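Chemist: Sequence isn't available, so here's the structure alone:
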C-alpha cells in the first residue's frame, strides 16, 4: 500500500516556476515507478512525466519536454516535478501516481494516486 500527498501548487505568472512535491508512505516507494498527471477543467487527465524506481530513467509528454523535470529522492520517499517557463495552458490539478511497472503514460496502469494540487498560471 502506498499513500501519496502532493504539495507545492499555487498561482504563478506565465514564465514563472513552481516545484511540486509528492510525499509517499509505504514500504514499496523505492521500488515503484512514479508518474505525474494533470487534469484541466473539462478535459481528461493527461500524462505529464514518469520516472523509474531508482530515478535513472525519465519520460515526458511532448507538451512539457524541456520545461519540466521529474526527480525523486528515495531516502525522503518523495518525488518532485520542477516546472519552469509555465504557460497558461499548464493550468490544471496535478496528481502524482505510483505503480505502472515501467515508463508508462496510461493512467489506468498506476495503482495509487494522490489527491492532487492545483496549479494556476496567469497570463
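Modeler: Okay, I see it. Bear in mind that the values here come from a model prediction, so they are computed numbers and not experimental data. Numbers count the residues shown, from 1 in each chain.
Chemist: Name the residues that touch stretch 24-34?
Modeler: With contact meaning Cβ atoms under 8 Å, 6 or more residues apart in numbering, stretch 24-34 is reached by 1-5, 22, 50-54, 70, 72, 74, 77-79, 96-104. The C-beta positions use only the backbone N, C-alpha and C, and glycine is treated the same way.
Chemist: Produce a PyMOL select command limited to the buried residues of these.
Modeler: Of the contacts of stretch 24-34, the buried ones go into a single PyMOL selection, burial set by 16 or more other Cβ atoms under 10 Å:
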select buried, resi 2+4+22+50+51+52+53+70+72+77+78+79+96+97+98+99+100+104
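Chemist: From the contacts of stretch 24-34, which land in strands?
Modeler: Among these, the members found in strands (DSSP state E) are 3-5, 22, 50-51, 70, 72, 78-79, 96-99.
Chemist: what's the lowest-pLDDT member of the residues you listed?
Modeler: Of all these, residue 99 has the smallest pLDDT value, namely 90.
Chemist: ok so, going back, and the ones in strands among the contacts of stretch 24-34 as a markdown table, adding distance to residue 13?
Modeler: Putting the ones in strands among the contacts of stretch 24-34 into a markdown table (distance: Cβ to Cβ, whole Å) gives the following:
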| residue | distance to residue 13 |
| --- | --- |
| 3 | 33 |
| 4 | 28 |
| 5 | 26 |
| 22 | 24 |
| 50 | 28 |
| 51 | 27 |
| 70 | 23 |
| 72 | 28 |
| 78 | 26 |
| 79 | 25 |
| 96 | 24 |
| 97 | 28 |
| 98 | 31 |
| 99 | 34 |
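Chemist: List the contacts of the helix or strand of the chain with the lowest mean pLDDT.
Modeler: Within the chain, no helix or strand scores below strand 110-113, which has a mean of 94 by mean pLDDT, DSSP states H and E. With contact meaning Cβ under 8 Å, 6+ apart, strand 110-113 is reached by 1, 2, 3, 4, 35, 95, 96, 97, 98, 99, 100, 104.
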